[in-house]
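J.: here is my input; please provide its structure:
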Amino acid sequence: MTDDTKPLKRPARRGFLKASGAAVAAGATLGAALGTSAANAAQTSSGSGHKPAHDGTHADDPQFAVEPFYGVHQGGVVTPQQAHTYVAAFDLTTTKRDDVIALLRAWTDAAARLTRGQTAQPLPTSDDKPAPDSGDVLGLGAAGLTITFGFGPGLFTKDGKDRYGLAGKRPAALVDLPRFNGDQLIPEKSSGDLFIQACANDQQVAFHAVRQLARMGYGNLQMRWGQAGFLSGPKGQTARNLMGFKDGTNNPPTKDPALMNQFIWAGDEGPAWMKDGTYAVFRRIRITIEHWDQMEIGFQESVFGRHKYSGAPIGKKNEFDELDLDAQDKDGNSLIPDNSHVRLSTAATNNGQRILRRSYSYNDSTNFYIERWPPWRQETEYDAGLIFIAHQRDPRTGFIPINEKLAKLDMMNQFTTHVGSAIFAIPPGAKEGSFIGAELFEA
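T.: The predicted model follows:
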C-alpha cells in the first residue's frame, strides 16, 4: 500500500534523462554535432568584451556592421536608417524608484552587448534554468543594431502621482500632445512610460533586442504597445513610403553639426540631464492604400507637391532642388498647391522650424474598416501605413505647430488616419560604467 499522506516526488530531471538512456544513445551522433555548433555560436555571441562578434572578414557586410552604443548622443537618431525597426512602449508597474534604476542599469548593459552582436546576457553553462537570452539570433551578427531609450510623461507623474520623485525634473518641452483634428487614437497603441526603438539591417535582430529587454523588466513593467516597421530602397537614396513617394527629402542634413544643434539636440534651455538629448514624437498613421491606388498620378503629385518618380518639387527636375513656392502655372495658380503636404510642412511656411523624420512603413495584415472619406466603403482592407517618428529640440515649436496645420489643411488627410500617438524625452547617450538617464536620478 502507498502512504497517501506523503506528497509524490517529482522525478529528478537528470534521473528522467538517465531512464531514457536508450533514446539518448540513439541520437548521440546528431546531438554531438548540434552541441558543437551551438557551443561555437554561443562562444561567438556571448563574450563580454568590446570586440565585435566577427573576425573582420565581413567588414562590408551590413549583417555584421557594428554601431557604437556609448557616446554623447544615443544611437538611432542621426544614425543612417537601417532597413528594419521594432519600437515599443511600456508601462511601469513597480512603485519603487530603485527598481526603475536597476532596470535602466540592466537595459544599458544589455543594449551595449546587443549592439556588439552579443547576447543580451552571457549564456549559461548549465541547462537547468531558463536561458537569459532566447538565442534566436546566434550567428546573425549585430546587423548595424542601434537601441534608443526614451522617457514618457508617465515616468514623471501618472494619475496625479509623483511615483518616483521625478515630477520636478520633467522637462517643459515634454508636453502632453494635444488632440489634433481627425485623430482617431487607440489607447492600446498610444502613450507609454518607457520607450525602446531598435533599428537593424535584419528584422529578427531588431525584434530580438526589444524582446530581450522586455523580458528583463518582468515584474516591473508591462508592454503597452509594439510595432514593427521596414524601409526599402537603394543605399544612400531617400526611401519611398507605401504611397510610392520619397519620404524625408526635406530632412535637415544629419552630418551638419550646426543644424543638428539648432533643431534636434537639446541645449541649455532645459534641465541639465537632457542636454544633448532630443524629443521624439511617435505617430502610427494608417494609410488607406486601396483608395490611394485609384487616384491619378497627377492628383497624387498635387497631394504631395512633388513629382512621384523623381521626388523633385513640382516644376523642378531633381529631388533636392529648392522649393519654389511662388511659381505659378499659366492660369496664375500655384504650381505647388496651397494645401499640398510639402508646402504646409516645409520650414519656409513654419517660421523656419525643422524636424528630423525617421519614419518606417508598416504592414499589419488586414482588418475591417469604415473609410472616413468618400466613397465611405466598409470592407476588409490593409492595416498598413507609416510609423512616423520625428526628433526635435522642442516639440512646442517643432512638431506640434506643424502638425496642427497639417491636420486641418493637408490634402493627404483624405487617405491617412492617425491611430497611435506618443511623446518621449530621449536622454543623451550613456557613459561607460553608467546607465541611460543616470543624471535624471541623481539627487
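
J.: mind listing the helices for the chain?
T.: For the chain, applying DSSP state H gives helices covering 13-19, 21-26, 28-45, 97-115, 203-216, 257-263, 289-292, 297-304, 341-345, 399-409.

J.: so how many other residues sit close to the residue nearest to Thr397 when sequence neighbours are not counted?
T.: Using C-beta to C-beta, 6 or more residues apart in numbering and skipping the chain neighbours, the partner closest in space to Thr397 is Gln353 (5.6 Å). C-betas here are computed from N, CA, C, even on glycine. By other C-beta atoms under 10 Å, the residues close to Gln353 number 17.

J.: was I right to think Gln353 contacts Ser345?
T.: No: at 10.1 Å, Gln353 does not count as touching Ser345 under the criterion of C-beta atoms under 8 Å.

J.: any shared contact partners between these two?
T.: By C-beta atoms under 8 Å, 6 or more residues apart in numbering, Gln353 and Ser345 have these common neighbours: Ile402.

J.: in the protein, where's the longest strand?
T.: Assignment by DSSP state E gives strand 378-392 as the longest strand of the chain.

J.: pull out the buried residues from it.
T.: Counting neighbours by 16 or more other C-beta atoms under 10 Å, one finds that the buried residues in strand 378-392 are 381-392.

J.: same check, this time on stretch 160-175
T.: 163-164, 166, 169-171, 173-174.

J.: quick check: the gap between Phe263 and Met274.
T.: Counting by C-beta to C-beta, to the nearest Å, the separation of Phe263 from Met274 is 15 Å.

J.: comparing these two, which shows the higher neighbour count?
T.: Each of Phe263 and Met274 has its neighbours counted (other C-beta under 10 Å); Met274 has more, 26 against 22.

J.: who touches the more buried one in this structure?
T.: For Met274, the contacting residues are 171, 173, 266, 425, 427-428, by C-beta under 8 Å, 6+ apart.

J.: hmm, try it at 7 Å
T.: Residues in contact with Met274, defined by C-beta atoms under 7 Å, 6 or more residues apart in numbering, are 171, 266, 425, 427.

J.: again, but for Asp268
T.: Remark: with contacts taken as C-beta under 7 Å, 6+ apart, Asp268 is in contact with Lys275.

J.: measure it to Ile400 for me?
T.: Using C-beta to C-beta, one obtains 22 Å as the distance from Asp268 to Ile400.

J.: what is the neighbour count of Gly262?
T.: Just so we're on the same page, residue 262 is Gln rather than Gly. 14.

J.: excluding chain neighbours, what is closest to it?
T.: On the basis of C-beta to C-beta, 6+ apart, the spatially nearest residue to Gln262 that is not a chain neighbour turns out to be Arg393, at 7.4 Å.

J.: isn't that neighbour up against Gly270?
T.: No: checked against C-beta atoms under 7 Å, the pair Arg393 and Gly270 is beyond contact range at 9.1 Å.

J.: what about those two, which has more around it?
T.: Comparing Arg393 with Gly270 by other C-beta under 10 Å, the one with more neighbours is Arg393, at 25 against 19.

J.: pLDDT at the more buried one, what is it?
T.: In this model, Arg393 is scored at 98, pLDDT.

J.: list the contacts for it?
T.: Neighbouring residues of Arg393 by C-beta under 7 Å, 6+ apart: 263-266, 278.

J.: cool, and Asp176?
T.: Counting by C-beta under 7 Å, 6+ apart, Asp176 touches Pro153.

J.: for it, give me phi and psi.
T.: Backbone geometry at Asp176, expressed as degrees, to the nearest 10, gives phi -70, psi 130.

J.: pLDDT at Arg10, what is it?
T.: Arg10 carries a pLDDT value of 40.
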